[in-house]
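> with the sequence up front, the predicted model follows.
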Amino acid sequence: HAANMVVMRDRYQPEGAFYPRGDGDSNHMVCRGFTDPTAKVDARPPVILESMEVFGQALAMKGVQDALSRVGIVCAYDRAGFGWSPRSKNATRTPNNVAA
């Protein structure tokens, strides 16, 4: 995985942005969507997609994201250690650590 990340970062720029995740690193996230410019507050909640296919890259969710983005905001993110997101510095990924 580490070699794959070096090649990806050297050759390509990811779409989207990086957001802090609380351990000193950031996860990659791509957001798209429609907001109603006539509404004072858009009451529709965003849809968050956790990318699980094809190395866990947000890009794998592009088709689903594009379809959902016609009616609202939808974001897909790369889990820690997958896609453009670096591995977690916490070596023990137990359910309690992940939920914390």
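Yep, it's here. Numbers count the residues shown, from 1 in each chain.

> quick one: the strands in this structure, in order.
17-20, 26-33, 47-50, 73-77 (DSSP state E).

> show me what the second one is packed up against.
Counting by 3 or more CB pairs under 8 Å, 6 or more residues apart in numbering; DSSP states H and E, the packing neighbours recorded for strand 26-33 are strand 17-20, helix 62-68, strand 73-77. C-beta: built from backbone N, CA, C; applies to glycine.

> so for it, mean pLDDT?
Per-residue confidence for strand 26-33 averages out to 89 on the pLDDT scale.

> kindly calculate the angle that that strand makes with strand 73-77.
Strand 26-33 and strand 73-77 meet at an angle of 150 degrees, taking axes from the mean of the first three to the mean of the last three CA atoms, to 10 degrees as the criterion.

> any idea how many residues pack against residue 83?
Neighbour count for residue 83, taken as other CB atoms under 10 Å: 24.

> show the pLDDT at the residue located most distally from the centre of the chain.
Relative to the average C-alpha location in the chain, and by CA atoms, centre = their mean, no residue lies farther out than residue 38, which sits at 28.3 Å. Taken from the predicted model, the pLDDT recorded for residue 38 is 76.
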